[in-house]
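S.K.: Turn this into a structure:
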Amino acid sequence: MKAEFVPFFQKLKGLGTGDRAALRRSAGEMLKEADGRAITVFYRCLPYGVPQWQEDRWFAVACLCCLWDAESDNGAPFEKIVSNLIQAERLSSSMQHKVEILLDTAWDDDGYLLTKLTRLIKMIRQKSDRVPIDFTALLEDLIYWNAENQSVQRKWARAMFTTISEE
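M.R.: Okay, the predicted model is just below:
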């Protein structure tokens, strides 16, 4: 876990149910679309010095994190959970196609990627028996999502779609 992420996630886990509900209601929304309560709660948790261009990504992860109980441990990386569902044949081919589309989408101010990611996470939450996601890894991945070398997308694709041969 990146050291600068620790205080953020500790504050999120320490929020009261009303504050967590405010963030949960904003899951899938960009920061500019959130209501005043969610914005206030978010900025109380956000560490000082986070660059403004990253705030939408931190906000998205905060809201998604609040979809799980505060007591939930940090779970598996998102791409590993998807891989497990694919291997167990619990994800339809249309859902796998949605993952492919997600990998081909840039993070923009329009919130398109966030909308797709949120829908996928909510569906995966149901299919994976509510296994929690490693939100620190998700935050780091979203921060580097638009890198020219597409290292995050390649890491996700490798984890999700590499087949294990039976030799």
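S.K.: where are the low-confidence patches of the chain?
M.R.: Along the chain, segments meeting pLDDT under 70 span 1, 72-74, 91, 163-167.
S.K.: can you pull out the helices in it?
M.R.: 6-13, 17-25, 36-45, 55-65, 78-87, 93-103, 112-127, 135-143, 151-161 (DSSP state H).
S.K.: Could you pull up phi and psi at the closest residue to Arg20 other than its chain neighbours?
M.R.: Spatial nearest neighbour of Arg20, chain neighbours left out: Cys66 (4.6 Å); criterion: CB to CB, 6 or more residues apart in numbering. Placement of C-beta: from N, CA and C, glycine included. Backbone torsions for Cys66, taken as degrees, to the nearest 10, come to phi -80, psi 0.
S.K.: re the thing from before, okay, the helices of the chain in CSV with distance to Glu71 and mean neighbour count next?
M.R.: Output for those, formatted as CSV (distance: least, CB to CB, whole Å; neighbours: other CB atoms under 10 Å):
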stretch, distance to Glu71, mean neighbour count
helix 6-13, 8, 16
helix 17-25, 11, 17
helix 36-45, 17, 16
helix 55-65, 12, 24
helix 78-87, 19, 20
helix 93-103, 28, 13
helix 112-127, 16, 16
helix 135-143, 14, 20
helix 151-161, 27, 16
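S.K.: List the contacts of Arg130.
M.R.: Applying CB atoms under 8 Å, 6 or more residues apart in numbering to Arg130 gives the contacts Trp68.
S.K.: For Tyr144, see how far away it is.
M.R.: Separation of Arg130 from Tyr144 (CB to CB, to the nearest Å) stands at 27 Å.
S.K.: So what's the residue count around Trp53?
M.R.: Residues lying near Trp53 (other CB atoms under 10 Å) number 9.
S.K.: Asn84 reaches Ser128, doesn't it?
M.R.: Yes. Contact status for Asn84 versus Ser128: in contact at 7.2 Å, counting by CB atoms under 8 Å.
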